[in-house]
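[1] what follows is a predicted structure for the sequence shown.
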Amino acid sequence: MPAVEGLFTIDGDEPRLIGGRVPGTESYFFPKHLGGADPRVGPVDLEEVLLSRRGRVWSYTTSHYPPPPPFVVTSEPYERITVAAVELEDEKMVVLGQCTAGVGPEDLEVGMEMELAVDTLYSDDDCDYLVWKWRPVAAGSKDA
Amino acid sequence: MDEIAVLGVGMHPWGKWGRNFTEYGVAAARDALADAGVDYTDVGFVSGAVTVRGGYPGYVAGSTFARALGFTGAQLASSYSACASGATALQVARGQILSGACDVALVVGADTTPKGFLAPNAGDRPDDIDWLRFHLVGATNPVYFGLHARRRMDLYEATTDDFAMVKVKNSRHGAHNPNARFTKEYGLDDVRNSPVVSDPLRLLDICATSDGGAAMVVSSMEWARSHGHRNPVRVAGISTVSPTYPDPVIDLPYLAADSAADPSAPLVGFKESIGARAYDEAGLGPDDVDVAEVYDLSSAMELDWYEQLGFCGAGEAERLLRDGDTAIGGRLPVNASGGLGAFGEAVPAQAIAQVCELTWQLRGAAGARQVDGASVGITVNQGLFGHGSSVIVRR
């Protein structure tokens, strides 16, 4: 199940971020209910839209030290995580995400094409809690 | 904008003292009152910058400091805007003074911090964007600093040695500051050999979290002149602006930036807009600035501010640094205090501390870190969730 409800859809290995759009405009928000508002129209009811699955790396970094709670550290000893900021293809919106396992900063460069993947954030006895992550298109896509 | 006078400033040294924040704030306030030569009973308004780490007394910081100094019937306010809280508290005080509600105000901020990353409060809050960024992405504050540093490297061919040179420069400045926490002079190799925190940034590129306190006594120009302050440092501009939608640059604590897909929306950079408002109020521009205190949460972030404050064009900050322009003795010294690299963050105190430093600089009282002939200074700072903070002082 998703680690947090309402932020993304899961369809096999192809998650989509759930965004909001001011109806009839190109003003997008993510997360839909926490992404602010366009002051020219105010806090209108946003139309739910699934955002682009692909985009290009705006920047990237790592966390070499384990982030504090509410992050759940799953590796022992802790393995660094890599975080990418990716500008979505259509929405021109930069969205953060961890990179999929095995992708490090040496594998990334600004402008590189990335796609959304679904991965386990952490697990407990009952289930796996899922999240969106970024991975280079060249690394995993069927149609790359 | 009408000006107010800075009559006195004071600080409690930054460190990891582990004591109650009130103690640091009161010590700084006493120093500021003594520096001003103002009797505490003349203070009509106490403006506290809030700490979220001291329990309820931290949320009502204005009252907490006032009670510790002794309640006098003065009016109170407590302001929270994360790292910008000190500038907000100063702005509230300016409003009181310029509206005639008081003649003299005391502005105080102090904090006591735990070890390690600053993290959200406990509990599950999936509708809190600050909670989500830690939970879903592990996006600590240094993750955002790392993203911006890497972006500089890619866009402008900045190097990790450029970032390290900021630390080296500021540590040289901070070595002469009795209020700084870290007074060691670091070399390039110290930075290069420190562990990576958030690639490309290393431990010595990233500021620590500290205990500390800072305070200012401010008044109307008229009150200052009638009480023997003939040529005080003046606050000429204060900016506490929010971003302007759409802001396409990702920044903490958000998971996403605003969309830049709508071609009809004006793009105003938030960081640029912070200084612009202060310049506008002061009727001054970047060419007028002699000395600056900028918010160096990371060494790379200092370079961003050179451009965002208009000291140079985009991509030219590394040249300013390499040419020595921003070191003491250069054309426009930046972080003569040593900056956050030498102090560490003490959230509600740091925006006030920046103005304390500029006050000493403009009085020619900064000792071994004095910037010769400084008459205009600017601070810049930013609080989580869109709080700009910039103050221009002149003499």
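    Perfect, I can see it now. Numbering: from 1, shown residues only, chains lettered A, B, ... in the order given.

[2] which residues touch stretch B:355-373?
    Residues from elsewhere that reach stretch B:355-373 (CB atoms under 8 Å, 6 or more residues apart in numbering or on different chains): B:6, B:9-11, B:86, B:90, B:173, B:176-177, B:214-216, B:233, B:235, B:290-291, B:293, B:328, B:333, B:336-338, B:374-379, B:391, B:393-395. (Glycine included, C-beta is placed from N, CA and C.)

[3] give me the PyMOL select line for those, limited to the buried ones.
    Entered in PyMOL, the line below selects the buried ones among the contacts of stretch B:355-373, by 16 or more other CB atoms under 10 Å in any protein chain shown:
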select buried, chain B and resi 6+9+10+11+86+90+173+176+177+214+215+216+233+235+290+291+293+328+333+336+337+338+374+376+377+378+379+391+393+394+395
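
[4] where do the helices of chain A begin and end?
    Remark: helices assigned in chain A by DSSP state H are A:137-140.

[5] list the contacts of the residue nearest to the spatial centre of it.
    Nearest to the mean C-alpha position of chain A, by CA atoms, centre = their mean, lies residue A:97 at 4.1 Å. With contact set as CB under 8 Å, 6+ apart, residue A:97 has these partners: A:83-84, A:86, A:116, A:131-134, B:137.

[6] just residue A:26 next, same as before
    Counted by CB under 8 Å, 6+ apart, residue A:26 has contacts A:91, B:259, B:261-263.

[7] ok, the residues you listed vs residue B:65, which is closest?
    Nearest to residue B:65, judged by CB to CB, of these is residue B:259 at 42.8 Å.

[8] what's the neighbour count on that closest one?
    By the criterion of other CB atoms under 10 Å in any protein chain shown, residue B:259 has 29 neighbours.

[9] does any part of stretch B:229-247 sit near chain A?
    Yes. Judged by CB under 8 Å from any CB of the partner chain, stretch B:229-247 comes into contact with chain A at B:245-246.

[10] and that stretch, what's buried?
    For stretch B:229-247, burial by neighbour count (16+ other CB under 10 Å) applies to B:229, B:232-241, B:243-247.

[11] from the residues you listed, which two are the most distant?
    Comparing every pair within these by CB to CB identifies B:229 and B:246 as the most remote, at 45.1 Å.

[12] wait, doesn't residue A:65 sit right on residue B:199?
    No. Taking CB atoms under 8 Å as the definition, residue A:65 is not a contact partner of residue B:199, at 11.9 Å.

[13] between the two, who's got more neighbours?
    Taking other CB under 10 Å, residue A:65 and residue B:199 do not tie; residue B:199 has more neighbours (25 against 18).

[14] report the contact partners of the more buried one.
    Contact analysis of residue B:199 by CB under 8 Å, 6+ apart lists A:61-62, A:64, A:105, B:146, B:150.

[15] swap in residue B:241?
    B:273-274, B:277, B:388.

[16] do residue A:60 as well
    Residue A:60 touches A:82-85, A:99, A:105, A:108, A:110, B:147, B:150, counting by CB under 8 Å, 6+ apart.

[17] helix, strand, or coil at residue B:162?
    Three-state secondary structure (criterion: DSSP: H, G, I helix; E, B strand; the rest coil) places residue B:162 in helix.

[18] swap that for residue B:90, sorry
    The three-state label given to residue B:90 by three-state DSSP is helix.

[19] tell me the contacts of it?
    Residue B:90 is in contact with B:47, B:107, B:216, B:218, B:235, B:238, B:351-352, B:355, B:391, counting by CB under 8 Å, 6+ apart.

[20] for the residue of chain A found nearest chain B, name its beta-bridge partners.
    Proximity to chain B, evaluated over chain A using CB to the nearest CB, is greatest for residue A:61 at 3.0 Å. Judged by DSSP bridges, the bridge partners of residue A:61 are residue A:83.

[21] residue in the stretch 101-250 of chain B nearest to chain A?
    residue B:146 (3.0 Å).

[22] give me the buried subset of the contacts of residue B:199.
    A:61-62, A:64, A:105, B:146, B:150.

[23] in these, find the pair that's most separated.
    A:64 and B:150 (14.0 Å).

[24] out of the contacts of residue B:241, which is nearest to residue B:101?
    Nearest member of the contacts of residue B:241 to residue B:101, counting by CB to CB, is residue B:277, at 23.2 Å.

[25] that closest one contacts residue B:388, correct?
    Yes. Between residue B:277 and residue B:388 there is a contact under CB under 8 Å: 7.2 Å.

[26] residue B:342 contacts residue B:183, correct?
    Yes. Residue B:342 is within contact range of residue B:183, at 7.1 Å (criterion: CB under 8 Å).

[27] overlap of the contact sets of the two?
    By CB under 8 Å, 6+ apart, the residues touching both residue B:342 and residue B:183 are B:174-175, B:177.

[28] between residue B:342 and residue B:183, who's got more neighbours?
    residue B:342 (29 against 14).

[29] mind checking how far that one is from chain A?
    According to CB to the nearest CB, to the nearest Å, residue B:342 and chain A sit 22 Å apart.

[30] would you say that residue is within a helix?
    Yes. Under three-state DSSP, residue B:342 falls within a helix.

[31] can you tell me the centre-most residue of chain B?
    When CA atoms, centre = their mean is applied to chain B, the residue found nearest the centroid is residue B:351 (3.3 Å).

[32] got the phi and psi for the closest residue to residue B:104 other than its chain neighbours?
    Leaving aside its sequence neighbours, residue B:104 sits nearest to residue B:219 (CB to CB, 6 or more residues apart in numbering or on different chains; 4.4 Å). With angles defined as degrees, to the nearest 10, residue B:219 sits at phi -150, psi 170.

[33] near residue B:219, how many other residues are there?
    28.

[34] so who does it touch?
    By CB under 8 Å, 6+ apart, residue B:219 lies in contact with B:4-5, B:7, B:38, B:97, B:103-105, B:227, B:229.

[35] what do you get if the cut-off is 6 Å, keeping everything else the same?
    Residue B:219 sits next to B:5, B:7, B:103-104 when contact means CB atoms under 6 Å, 6 or more residues apart in numbering or on different chains.

[36] now, which of these lie within strands?
    The strands, defined by DSSP state E, take in B:5, B:7, B:104 from the contacts of residue B:219.

[37] how about the strands of the chain, start to end?
    Let's take chain A. Here chain A has its strands, by DSSP E, at A:8-9, A:16-21, A:28-29, A:47-50, A:54-63, A:81-88, A:94-99, A:113-123, A:128-136.

[38] other chain: chain B
    Counting by DSSP E, the strands of chain B are B:4-15, B:45-49, B:75-79, B:104-111, B:196-198, B:201-202, B:211-220, B:233-239, B:291-293, B:376-383, B:387-394.

[39] would TSV of those with distance to residue B:157 and mean pLDDT be doable?
    Shown next, in TSV, are these (distance: least, CB to CB, whole Å; pLDDT from 0 to 100):
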stretch	distance to residue B:157	mean pLDDT
strand B:4-15	34	98
strand B:45-49	39	98
strand B:75-79	40	98
strand B:104-111	37	98
strand B:196-198	20	98
strand B:201-202	17	98
strand B:211-220	36	98
strand B:233-239	31	98
strand B:291-293	24	98
strand B:376-383	24	97
strand B:387-394	28	98
